[in-house]
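Participant: What follows is a predicted protein model with its sequence.
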Amino acid sequence: MHRFYTEKTRRFVSQMDQADTECLVTIRDLTFRRGERVIFDRINLDFPRGKVTAIMGPSGTGKTTLLQLIGGQLRPDEGKVLVDGRNVHGLGLKALYELRKSIGMLFQNGALLTDLNVFENVAFPIREHTQLSESMIRKLVLMKLHAVGLRGARELTPAKLSGGMARRVALARAIALDPMMILYDEPFTGQDPITKGVLVKLIRELNDSLGMTSIVVSHDVQETATIADRMYVISEGRVIGEGTPETLSRTTSERVRQFLTGAPDGPERFHYEAIDYTRDLLS
Amino acid sequence: MNGIFRFLGETVLQIFEKLGRGSYFLVLMLGGVPEVLKRPGLLIAQVYSVGVLTVALITISGLFVGMVLGLQGYTILSDFGAEQTLGVMVAASLVRELGPVVSALLFAGRAGSALTAEIGLMKATEQLSGMEMMAVDPVKRIVAPRFFAGMLSMPLLAAVFSMIGVLGGHGVGVGMLGVDDGAFWSQMQASLDVREDILNGIIKSVVFGFVVTWIAVFEGYDCLATSEGVSRATTRTVVHSAFAVLALDFLLTALMFGDF
């Protein structure tokens, strides 16, 4: 059987095996297009178990799309996404849903169910996937809400929550089934400094205390750098920088430096491509 | 000229593509039957939201439609000295046509648009996506109970509409215009046929309920996840449902009562 393998395939399989044991999520040669536009062009990413890994990059680079690819909500054009050794896009619907029970996701706006109150929102995945008694569900929900500091807000409806509170409730819901991994989609966007601080603390503490793996998609450099063990910077469909926050801060790549320092002009131009200004005015 | 053909071609392709998506969506919804049977509470909650909350609108509309029928019917029938058959005219019009058709149009405007807006907003606020990531199928958990609630509610609402309409016609004809009470009810009882009139009316309302709710939930689920997308989908639900109900009414009437 082994003679049918080429040397390249053997190397690839061996690399994947090694990556599987160390990494919860392994992405290899991932290509994804929206129409003619290439969002990811053969990118490779590794997300180590038990660590917080951040995906950063300018708006519109496909960071949220990457989370949807990891969660199996989108299919790649080429390449593989392995989660805990399983090829996400090779799974049937039942197996995919089974895998998703062990993945929590925090959406950008919380995605709380608006017809349910805070308690019922957190109880939702527990009720859907377990046969636990009401008293056990109550205890579990209160524990999760206590972890995010909102035990006292259990009766409120999502409409009465501030943006930061909604995200904390969504976080409590995301950890309701004690997942092995949480995907955070822009957790800090639009939050005040205190809420950002609370979210930073929660993401790091929950990751460490529950032994989870966290993938944080964000463009808030400062907050993300304080919690990430490893960071990837993505731009124009490619990984343009990777490493720990310290190594990235010493990067020689102008593109990465422009993103991390927020310089208005650089490799990422301030002006959208146009004809010469004077010629345009006089024409 | 090429532009016109291209436009026509693209439009036809889009229509068929949407029909295909809608049909596939229907199959997925029908796959939610076991879930609905397993958790009747979901269905009951939706019957309340879709059906019970529409009763007031149906009742008031039915009353006025019946009163107008009584008034118009009396004016025409009295010219021929046949005002004693007013009950037959009112009841037959309501049970055969106006009950199923008008209540379906009202149902599309009130419950159909609400279903589209609710599901569309859930999509726009990532609630459906969130459910998928929580390993909960939104078609089975959210859409299927609403679809079956609509199907179940529509015939009952049409029955309420017809019943209240008959009472409205009776109030005007007997109460105000002096038609004989006994003649009103006995003529109606003698002339209306259970299979020919009532059963056909029920079949119509079941078909309209199926189509209107299918359009409503599909438009919500298929809409663009923006406020404009939800708004357009809601409008499409009302317009497409009205066309579908009126066209199907002709088709069903031709099949039921036409001599083909």
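Facilitator: Ah, there it is.
Participant: wait, what's in contact with the residue nearest the centre of chain B?
Facilitator: Nearest residue to the geometric centre of chain B (Cα atoms, centre = their mean): residue B:104, 2.4 Å. Applying Cβ atoms under 8 Å, 6 or more residues apart in numbering or on different chains, we find residue B:104 in contact with B:154, B:158, B:205, B:208, B:209, B:212, B:241, B:245. All C-beta atoms are positioned from the backbone trio N, CA, C, and that covers glycine.
Participant: what's the most distant pair in the residues you listed?
Facilitator: B:158 and B:241 (14.5 Å; Cβ to Cβ).
Participant: re earlier: what pLDDT does the residue nearest to the centre of chain B get?
Facilitator: Here the pLDDT value assigned to residue B:104 is 97.
Participant: Tell me which residue of the stretch 51-200 of chain A lies closest to chain B.
Facilitator: At 3.5 Å from chain B, residue A:111 is the closest residue in the stretch 51-200 of chain A, using Cβ to the nearest Cβ.
Participant: wait, that residue sits on residue B:126?
Facilitator: Yes. Contact status for residue A:111 versus residue B:126: in contact at 4.0 Å, counting by Cβ atoms under 8 Å.
Participant: Between these two, which contacts overlap?
Facilitator: With Cβ under 8 Å, 6+ apart, residue A:111 and residue B:126 have no common neighbours.
Participant: Between the two, which has more neighbouring residues?
Facilitator: Higher neighbour count among residue A:111 and residue B:126: residue A:111, with 27 against 20, using other Cβ atoms under 10 Å in any protein chain shown.
Participant: can you give me phi and psi for that one?
Facilitator: As for residue A:111, its main-chain torsions (degrees, to the nearest 10) stand at phi 50, psi 40.
Participant: who touches it in this structure?
Facilitator: Contacts of residue A:111 (Cβ under 8 Å, 6+ apart): A:170, B:125, B:126, B:127, B:129, B:130.
Participant: residue boundaries of the strands in the chain?
Facilitator: You didn't say which chain, so I picked chain A. A:23-34, A:37-48, A:52-56, A:78-83, A:86-87, A:103-106, A:181-185, A:213-218, A:230-235, A:238-243 (DSSP state E).
Participant: any chance of the ones you listed in a markdown table, with mean neighbour count, mean pLDDT and distance to residue B:163 too?
Facilitator: As requested, the strands of chain A are exported to a markdown table (neighbours: other Cβ atoms under 10 Å in any protein chain shown; pLDDT from 0 to 100; distance: least, Cβ to Cβ, whole Å):
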| stretch | mean neighbour count | mean pLDDT | distance to residue B:163 |
| --- | --- | --- | --- |
| strand A:23-34 | 19 | 92 | 54 |
| strand A:37-48 | 18 | 92 | 58 |
| strand A:52-56 | 25 | 93 | 61 |
| strand A:78-83 | 19 | 93 | 58 |
| strand A:86-87 | 14 | 92 | 58 |
| strand A:103-106 | 27 | 92 | 50 |
| strand A:181-185 | 24 | 93 | 52 |
| strand A:213-218 | 26 | 93 | 57 |
| strand A:230-235 | 23 | 90 | 64 |
| strand A:238-243 | 17 | 89 | 68 |
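Participant: Kindly present these as CSV, with separate columns for distance to residue B:34.
Facilitator: What follows is the strands of chain A, written out as CSV (distance: least, Cβ to Cβ, whole Å):
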stretch, distance to residue B:34
strand A:23-34, 33
strand A:37-48, 37
strand A:52-56, 39
strand A:78-83, 28
strand A:86-87, 27
strand A:103-106, 25
strand A:181-185, 30
strand A:213-218, 34
strand A:230-235, 42
strand A:238-243, 45
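Participant: do you know which of the ones you listed lies nearest residue A:128?
Facilitator: Ranking those by proximity to residue A:128 (Cβ to Cβ) places strand A:103-106 first, at 13.7 Å.
Participant: Can you list the strands that that closest one pairs with?
Facilitator: Applying DSSP bridges to the sheet, strand A:103-106 is found paired with strand A:181-185 (parallel).
Participant: Using CSV, write down the CA coordinates of the strand it pairs with.
Facilitator: Taking Å, rounded to 0.1, in the frame of the first residue of the first chain, the C-alpha atoms of strand A:181-185 are listed here in CSV:
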residue,chain,number,x,y,z
MET,A,181,-12.5,25.5,22.0
ILE,A,182,-14.1,28.9,21.8
LEU,A,183,-14.1,31.1,18.7
TYR,A,184,-14.3,34.8,19.4
ASP,A,185,-15.4,37.1,16.6
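Participant: Run through who's touching that strand.
Facilitator: Residues contacting strand A:181-185 (Cβ under 8 Å, 6+ apart): A:24-25, A:63-64, A:67, A:70-71, A:83, A:102-108, A:171, A:174-175, A:203, A:206-207, A:212-218, B:133.
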